[in-house]
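Novice: this is a predicted model, with the sequence first.
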Amino acid sequence: METTTLYVELGADRYPIHVGQGILGEIGETLAPHIKSKRALIVSDAFVTTRYLPVVQESLINSGFDIDTVEVPVGEKSKSIAQFVRVQDSLVTHQLDRGSTLIALGGGVIGDLTGFSAAVYMRGIAYVQIPTTLQAQVDASVGGKTAINHPKSKNLIGAFHQPKLVLIDVDTLKSLPQRDIRAGLIEVIKMGVIRDEPLFAMVEENLAAILSADASTLIEMIARACANKADIVAQDEKESRLRMVLNYGHTFGHALEAVTDYKRYRHGEAVAIGMMCAAQLAVNLGVFSGTDFRRQCALLKAANLPTRFPSDISPEALHAAMYLDKKTIGGTLRLILPTRIGEVVIRDNVGKPAILEAISQCRSIS
């Protein structure tokens, strides 16, 4: 099966995204032309290292790389100041310099932690994304947004720092639990809602093949989702306006993760609920049709993603947590609201009563 290659067009920072099957063992020869020296540190977690680290190490060593590895705990807890310091300590201990490269081997947590570590070490060194989860492959690995969490808010401490390349091997998805596949799929569905109705329809029509990890279907879907994101990033790298649309569902979703202490939901599950809250708000404001609302809801349910806001959390608590969102300017919430499947608007003048009403309504979505 052929590898699909596309590019994030950022002038001097232009970089490739390779999407294929069985290409993990090609990372050494793929990476070599893009970096200054062959000194590298791999950041990964225990789940990934037992499955994919050996093939990555072998490929890098065969291509002449001198590599070390740092392993962090599995899960969102590794997007912390403590684990960030651990990675920095490892960089210092192994004497990596400005010509060295950090390699993120894992899901979105690993990619964010590694990217932010690369952004600040010696004021910035190169890094590479090898995402092994669907969420990371279609979203987190592309675009250069890197961050760790503050105890009170997700992704509050971060930087824009573009990778040298992204290598996506769909075979890594075979080891993922179904829950993680479904949670990652939300980022593809989101992309369909904000700007690509045919992509949304593709997921509707091929859901069974996607969830069973059919390689050709995954490559086509992932490449299309990445192409959409690459186009947005090329137009608005630092999220001054257009790129904000990628946060559809995330203002509500990130707040939900925070008020549940990052323990109840996968990121994608919280975003799914957030998308329903945003869609309900859009319906209430008269900018989104009931037909499209039901279409979004039906696809989330078919993918076995949550759609209801939890009954044990008050809308007031969620609303308060939303103000720590990075899009909030001057104390005003900035929300991404759908107008149809394939189009959204940015609204920053929605009052608190309307937001609370939409959240409350999402407790009883049927």
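Specialist: Arrived safely. Since the structure is predicted, the reported quantities are computational estimates derived from the model, not experimental observations.
Novice: how about the strands in the stretch 101-250 of the chain?
Specialist: Applying DSSP state E, counting those that start in this stretch to the stretch 101-250 of the chain gives strands spanning 101-106, 126-131, 145-150, 153-160, 166-169.
Novice: nearest to residue 350, of these?
Specialist: strand 153-160 (20.1 Å; CB to CB). The way it works is simple: take the backbone N, C-alpha and C, and place the C-beta from them, glycine included.
Novice: other SSEs contacting that closest one?
Specialist: The helices and strands touching strand 153-160, judged by 3 or more CB pairs under 8 Å, 6 or more residues apart in numbering; DSSP states H and E, are helix 108-120, strand 145-150, helix 250-259.
Novice: quick one, the shortest one and strand 101-106 angle?
Specialist: What that stands for is strand 145-150. Counting by axes from the mean of the first three to the mean of the last three CA atoms, to 10 degrees, strand 145-150 lies at 70 degrees to strand 101-106.
Novice: which parts of the stretch 201-350 of the chain are helices?
Specialist: 215-235, 250-259, 267-284, 290-302, 315-322 (DSSP state H, counting those that start in this stretch).
Novice: output those in CSV; the columns should cover mean neighbour count.
Specialist: CSV is the format used below for those (neighbours: other CB atoms under 10 Å):
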stretch, mean neighbour count
helix 215-235, 20
helix 250-259, 26
helix 267-284, 26
helix 290-302, 16
helix 315-322, 18
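Novice: picking that back up, least reliable of the strands of the stretch 101-250 of the chain going by mean pLDDT?
Specialist: Lowest mean pLDDT within those: strand 153-160, at a mean of 90.
Novice: tell me how far that one lies from the chain's centre.
Specialist: Offset of strand 153-160 from its chain centre (CA atoms, centre = their mean, to the nearest Å): 13 Å.
Novice: and it, which strands flank it?
Specialist: strand 145-150 (antiparallel) (DSSP bridges).
Novice: need the residues that contact the partner strand.
Specialist: 76, 79-81, 83-84, 111-116, 118-119, 154-161, 239, 262 (CB atoms under 8 Å, 6 or more residues apart in numbering).
Novice: thinking again about what came up before, as a markdown table, the helices and strands packed on strand 153-160 with distance to residue 324 would be great.
Specialist: As requested, these are exported to a markdown table (distance: least, CB to CB, whole Å):
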| stretch | distance to residue 324 |
| --- | --- |
| helix 108-120 | 17 |
| strand 145-150 | 8 |
| helix 250-259 | 7 |
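Novice: I'd like to know which of the ones you listed lies nearest to residue 219.
Specialist: helix 108-120 (19.6 Å).
Novice: now for the closest one, which elements pack on it?
Specialist: strand 39-45, helix 81-93, strand 101-106, strand 126-131, strand 145-150, strand 153-160.
Novice: for the chain, what are the low-confidence residue spans?
Specialist: For the chain, the stretches flagged by pLDDT under 70 are 325-330.
Novice: got the domain ranges for it?
Specialist: The record's domain parsing of the chain by automatic domain parsing lists 4-176, 179-364.
Novice: so how far is the last one from its chain's centroid?
Specialist: What it means is domain 179-364. Worked out by CA atoms, centre = their mean, domain 179-364 lies 12 Å from the chain centre.
Novice: gap between the two ends of it?
Specialist: This stretch, domain 179-364, spans 23 Å end to end (CA to CA, to the nearest Å).
Novice: swap in the first one?
Specialist: Separation of the first and last residues of domain 4-176 by CA to CA is 22 Å.
Novice: how far is that domain from where the chain is centred?
Specialist: 13 Å.
Novice: give me the most central residue, this structure.
Specialist: In the chain, the centroid-proximal residue (CA atoms, centre = their mean) is residue 140; its distance is 2.9 Å.
Novice: what's the closest non-adjacent residue to it?
Specialist: residue 108 (3.7 Å; CB to CB, 6 or more residues apart in numbering).
Novice: ok, now which ones touch that neighbour?
Specialist: 131, 133, 135, 136, 139, 140, 141, 267.
Novice: for the fourth one, give me its contacts.
Specialist: This means residue 136. 106, 107, 108, 110, 111, 129, 184.
Novice: so how far is residue 116 from the closest residue in space to residue 120 that isn't next to it in sequence?
Specialist: In space, and not counting its chain neighbours, residue 120 is closest to residue 159: 6.8 Å by CB to CB, 6+ apart. The gap separating residue 159 from residue 116 is 6 Å, by CB to CB, to the nearest Å.
Novice: those two: who's more crowded?
Specialist: The residue with more neighbours, out of residue 159 and residue 116, is residue 116; 23 against 14, by other CB atoms under 10 Å.
Novice: which residue packs closest to that one, ignoring adjacent ones?
Specialist: residue 146 (4.0 Å).
Novice: swap in residue 114?
Specialist: Per CB to CB, 6+ apart, closest to residue 114 is residue 104, 3.6 Å.
Novice: these two touch, right, the one you found and residue 116?
Specialist: No - judged on CB atoms under 8 Å, residue 104 makes no contact with residue 116 at a distance of 10.3 Å.
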